[in-house]
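A.B. asks: this one's structure only:
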């Protein structure tokens, strides 16, 4: 019985210690939330901040968004209508070993260039006419698009070469 009381006492003390000696971590609250690439593409959320009643100058996009034909069209509308700078579109095939080896570099690029939304389109999620429209005859195929041009990447799949392409185009 003494062991049970001792264990209960220790449990209560540990709980009390946790409550009284917890480290205070200040909560950082932003007035206008950052817009994720998914929200910007799928919900057409704008970079409008209702608190300041002004457009923010930058949108923080993070990561690669898996998409289909509809999300690709929404991303292109974001470029044409909202004047967003660039969108990176990767056409890939899940069965293709070159596409599988290219994806890690594309993910790193999305972190290195967070202001550019990165969209990955799997070949089975779009109609063949879309692939034909963009001249996709092999995988992976990478484009940087803006409202006036479409730059296709031709080169090796190294991160350094891709970074040079991004720097040249943007």
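C.D. replies: Yep, that arrived. Remember, it's a predicted structure, so these values are computed and weren't measured experimentally.

A.B. asks: tell me the contacts of residue 129?
C.D. replies: Not one residue lies near residue 129 by C-beta atoms under 8 Å, 6 or more residues apart in numbering. Bear in mind the C-beta positions are built from the backbone N, C-alpha and C, glycine included.

A.B. asks: Can you list the buried residues in the helix or strand where it lies?
C.D. replies: Residue 129 is part of helix 128-133 when elements are defined by DSSP states H and E. For helix 128-133, a neighbour-count test (16 or more other C-beta atoms under 10 Å) marks 130, 131 as buried.

A.B. asks: and it, what's its mean pLDDT?
C.D. replies: The average of the pLDDT scores along helix 128-133 is 92.

A.B. asks: What strands flank the very next helix or strand once past it, and is each parallel or antiparallel?
C.D. replies: For helix 128-133, the following helix or strand on the C-terminal side (DSSP H and E) is strand 141-145. In the sheet, strand 141-145 lines up against strand 87-92 (antiparallel), strand 150-152 (antiparallel) (DSSP bridges).

A.B. asks: Output the ones you listed as a markdown table; include the columns mean neighbour count.
C.D. replies: Formatted as a markdown table, these follow (neighbours: other C-beta atoms under 10 Å):
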| stretch | mean neighbour count |
| --- | --- |
| strand 87-92 | 23 |
| strand 150-152 | 14 |
